[in-house]
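Asks: the following block contains a protein sequence and its predicted model.
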Amino acid sequence: MTTAPATRDQRRLSPAEASFAATWADRGPGNDGATALRARGFAAFEASGLPAGRREAWKYTSLRALARREFRPAGPVRAPRPEDLAALDIEGLDGLRAVFINGRLVPELSDLDGDDGLQIVPLSDALAERGHRALEIAGSIACVDTHPLAALNQAFVGDGVFIGVSPGAAPSRPLHLMFLSLDGGSPVAAHPRVVVDAAPESALVLIEHYTGRGEIRNLTNAVTELRLGHGAVVEHYRLQEEPATGFHIGGLHGWLERDARLISHNLHFGAALARLDVGVSLAEPGAEVVLNGLYLVDGKRHVDNHTRVDHLAPETRSDELYRGVVDDRGRAVFNGKAVVHPDAQKIEAHQSNRNLLLSREAEVDTKPELEIYADDVKCSHGATVGQLDRNALFYLLSRGISRKVARDMLTFAFAETVAVRIPLAAVRRRIEARIAGALPDARMIGHGVEDEA
Amino acid sequence: MLKVTNLHARVDDKAILTGLDLEIGAGEVHAIMGPNGSGKSTLANVLAGRDGYEVTEGTVEYDGQDLLALAPEERARRGVFLAFQYPVEIPGVNNAYLLKAALNAIRAHRGEPELDAFEFLALVKERMELMHMDESFLNRGVNEGFSGGEKKRNEILQMAILEPRLAVLDETDSGLDIDALKVVAAGVNSLRDPERAIVMVTHYQRLLDYIEPDYVHVLSGGRIVKTGDRTLALELEDRGYDWLREAASV
């Protein structure tokens, strides 16, 4: 773009930024609805660049390692091998599936024949169709001016999928989106976008599952936009299990109308650097959002969760519970913000973030924020950073249990608080297996045992 | 089985035990009584190996080994059991899992094979009946939402399953109503065995009506100031602790 502010010209582009600038225009035929979105996305990204520490929202998360790398756009890579695809399966999950390799939909591996009332369309097709709902929603909920990486995603918009649920429809099976990151020789940047249009009184269970194979250095920069019509209910899972060498950045942006309900489960287990921005607008009375989050951070990994709920209307509710376990030299960042706008009376906003530090070198920066411009509200928030409870540890040791197993049991117990809030049994079991680590008979430990019979 | 010699211990730089001697043989039941702050719970915790209890002098010999040199989990595997005064709640880990992990750790130490799920369940159910506990408790979180009485019963259930050589019961009677006390006492009595020693730490003699000790020791000022049979406990009930405290300070 030639309209970049002068200050930008004076700043040298990082290798990553240069590679994005060189490749974004190559995308798409240039004549459809996507073109305007891309242009606007790139303009916003060019104006901001990759965010640096001087931006408050990026104070604790440095993208320097990412900036040093050159990325090439997603494109055909090798065909997946059976073992690649095995990593995608969630045992016991019976759902429709869409497989994306480095962000790109692979129709022959996907099963998109939904029930009546469920429409699943490659996003590029949807954006090419005049008057399609995707054009109305894409870019309208994820703001490119406040989210530089969402802007970058929009500059490449095309990969991904549009999901439409008809009024009153409730597909019987969950929809499982499988994002597989594979080695493409040099690092690949994938920018998939998921656009959900849940019509009034509809219901949807959606799983976004990010994983990958090998020691790849790819970037996944995935944005999801959800519009929930009145009375719609969406249960959304974001299960991030990328290889520990990769970058994972994402946004989950929702707009909820009257009495709509969004339940988000944001589960981070992978990536060298992961950052997710959740932004939910409760636009009309009765709208409600539940935000559950769990992150396990070990090695030298870094996980950053930023969430923001805007209570725009009276009688809206938000309930957030995020927990994290940080070990080794891992670092976790949490920033949760609830904004209660003027006239949004009789709302409830609850927020809790608790962190368990398992090593001296682990680090957590947590910041709950409340901005309240109404007076008749019920709000609570709290954040803690702590270590294993010494009394509980001694209790287990005094029963002959080894220190390692005792530590794992207490860590499990800490994380299980979030896992029990996961209604989908197949996902919950996968999470429990992860948080149980090396514990024997992990399937027997928690509360999930009873309802599996 | 257990020989405590001239034991001195401190907590947070405060000397609590000041030269305690105690000898316990297999098959014996000992009651250790004393006023609040006399060091009863400190003794129990030192024996189990809790952090923060610093032994500054003296020795504890258990089956001929230096007990104080062992980590708490090692002591447990060699048969030392502490029934907690305040059992810890661990929501998220169910009781069955804790019991199985503990039992298998101890069995492994003894060179015995792990119990399979079937054998384990049969054992646990049998012992739960003894403690008048409902099966549903197995799937509940460890001590989660238990009443005071349920927690204490759970401690004795663990003892019944782990079958320790030396059981130390720390204020097991506190917070129990009379019915719960009878159940707990019956459980403990059923575990009396010629190979097992039991040490009850208690403030009140009420427990001793139901579990008859062979020996009663009075702890005061961090030392044992008097030892007798169970008539000593009755005397304490009548006269309180003050006469002994005075005697000790002379």
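Replies: In hand now; what should we look at?
Asks: for chain B, just list every one of the strands.
Replies: Along chain B, counting by DSSP state E, strands occupy B:2-11, B:14-24, B:29-33, B:53-62, B:65-66, B:80-83, B:90-94, B:141-142, B:166-170, B:197-202, B:215-220, B:223-228.
Asks: show me where chain A has helices.
Replies: Taking DSSP state H, the helices of chain A run over residues A:6-10, A:15-23, A:33-48, A:64-67, A:82-86, A:123-128, A:133-137, A:148-155, A:390-397, A:403-419, A:425-436.
Asks: can you count the residues close to the residue of chain B found nearest chain A?
Replies: Taking C-beta to the nearest C-beta, chain A has its nearest neighbour within chain B at B:Gly92, 3.3 Å off. Every residue, glycine included, has its C-beta placed from N, CA and C. B:Gly92: 24 surrounding residues under other C-beta atoms under 10 Å in any protein chain shown.
Asks: would you quantify the distance from it to A:Glu257?
Replies: Here the criterion is C-beta to C-beta, to the nearest Å. By it, B:Gly92 lies 36 Å from A:Glu257.
Asks: now do stretch A:257-272: distance to the chain's middle.
Replies: Here the centre of stretch A:257-272 is set off from its chain's centre by 7 Å, with C-alpha atoms, centre = their mean, to the nearest Å.
Asks: mind saving the C-alpha coords of that stretch as PDB?
Replies: Only the C-alpha atoms of stretch A:257-272 are listed here, as PDB (Å, rounded to 0.1, in the frame of the first residue of the first chain):
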ATOM      1  CA  GLU A 257     -28.200 -10.700  20.300                       C
ATOM      2  CA  ARG A 258     -31.200 -11.100  22.700                       C
ATOM      3  CA  ASP A 259     -31.000 -14.200  24.900                       C
ATOM      4  CA  ALA A 260     -28.200 -15.700  22.900                       C
ATOM      5  CA  ARG A 261     -25.700 -17.800  24.800                       C
ATOM      6  CA  LEU A 262     -22.100 -18.500  23.900                       C
ATOM      7  CA  ILE A 263     -20.100 -21.100  25.900                       C
ATOM      8  CA  SER A 264     -16.400 -20.900  25.000                       C
ATOM      9  CA  HIS A 265     -13.800 -23.400  26.100                       C
ATOM     10  CA  ASN A 266     -10.300 -22.200  25.300                       C
ATOM     11  CA  LEU A 267      -7.800 -24.900  25.900                       C
ATOM     12  CA  HIS A 268      -4.100 -24.300  25.300                       C
ATOM     13  CA  PHE A 269      -1.500 -27.100  25.500                       C
ATOM     14  CA  GLY A 270       0.900 -26.400  22.700                       C
ATOM     15  CA  ALA A 271       3.000 -23.900  20.600                       C
ATOM     16  CA  ALA A 272       6.200 -22.100  21.600                       C
END
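Asks: buried residues in it?
Replies: A:257-272 (16 or more other C-beta atoms under 10 Å in any protein chain shown).
Asks: between the residues you listed, which sits nearest A:Ser398?
Replies: Closest approach to A:Ser398 among the buried residues of stretch A:257-272 (C-beta to C-beta): A:Phe269, at 31.8 Å.
Asks: contact partners for that closest one?
Replies: A:Leu239, A:Gln240, A:Glu241, A:Tyr295, A:Leu296, A:Arg434 (C-beta atoms under 8 Å, 6 or more residues apart in numbering or on different chains).
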